[in-house]
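Participant: pasting the structure only:
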């Protein structure tokens, strides 16, 4: 299929628009001390409490060196600890500390507040339309090879 330049321009324009709406261009996500990649690592560790760095690489599809630097930063800030796996001594599990879980809770609440403030300005019908179209976009993009390879 021939890709039209205007289609590419439209997708790129939407991406630029949404990064602003979502607040992803701020150095610190939702006025917290965390960047978006750091926040995503905390999110994944909260939801996958016995993850390894290999697990995170698969989940986040992030550059290995970049993930390593983020993990080192979070460990230095005492937000996570590395624990040798009892099942496989060659494997190191990443676990949030109490401080890490507390910081994640604050970050999660800031994200909830941000989305709430966006939706607050919409009618119920507009919110329903937005959610429907977001599901459609996700469904379409999940079928692409880019999603699988990303």
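Facilitator: Received, thanks. Here the structure is a predicted model, which is why all the values come from computation and not from measurement. Numbering: from 1, shown residues only.
Participant: And the longest helix belonging to the chain, what's buried?
Facilitator: Among the segments of the chain that qualify as a helix by DSSP state H, the longest is helix 98-119. Residues 100, 101, 103, 104, 107, 108, 110, 111, 114 are the ones in helix 98-119 that count as buried (16 or more other Cβ atoms under 10 Å). In short, each C-beta sits where N, CA and C put it, glycine included.
Participant: Tell me the one among these nearest to residue 22.
Facilitator: residue 114 (7.9 Å; Cβ to Cβ).
Participant: Show the model's pLDDT score for that closest one.
Facilitator: With respect to pLDDT, residue 114 scores 91.
Participant: For it, give me its contacts.
Facilitator: Residues in contact with residue 114 (Cβ atoms under 8 Å, 6 or more residues apart in numbering) are 22, 23, 30.
Participant: Excluding chain neighbours, what is closest to the last one?
Facilitator: Excluding the flanking residues, the one nearest residue 30 by Cβ to Cβ, 6 or more residues apart in numbering is residue 110, at 3.7 Å.
Participant: wait, doesn't the one you found sit right on residue 33?
Facilitator: No. Residue 110 lies out of contact with residue 33 (Cβ atoms under 8 Å); the separation is 10.8 Å.
Participant: Could you pull out the helices in the chain for me?
Facilitator: Assigned by DSSP H, the chain shows helices spanning 5-22, 36-47, 53-60, 64-76, 98-119, 124-142, 145-149.
Participant: Nearest the geometric middle of this protein, what residue?
Facilitator: residue 40 (3.7 Å; Cα atoms, centre = their mean).
Participant: can you tell me how far the nearest residue to that residue once chain neighbours are set aside sits from residue 51?
Facilitator: For residue 40, ignoring the flanking residues on the chain, the nearest one in space by Cβ to Cβ, 6+ apart is residue 60 at 5.9 Å. Going from residue 60 to residue 51 by Cβ to Cβ, to the nearest Å gives 10 Å.
Participant: So between these two, which is more surrounded?
Facilitator: Between residue 60 and residue 51, counted using other Cβ atoms under 10 Å, the more crowded position is residue 51 (21 against 17).
Participant: which residues does the residue nearest to that one when sequence neighbours are not counted contact?
Facilitator: Spatial nearest neighbour of residue 51, chain neighbours left out: residue 94 (5.4 Å); criterion: Cβ to Cβ, 6+ apart. Residues in contact with residue 94 (Cβ under 8 Å, 6+ apart) are 45, 51, 52, 53, 56, 71, 80, 81, 82, 83.
Participant: No more questions from me, cheers.
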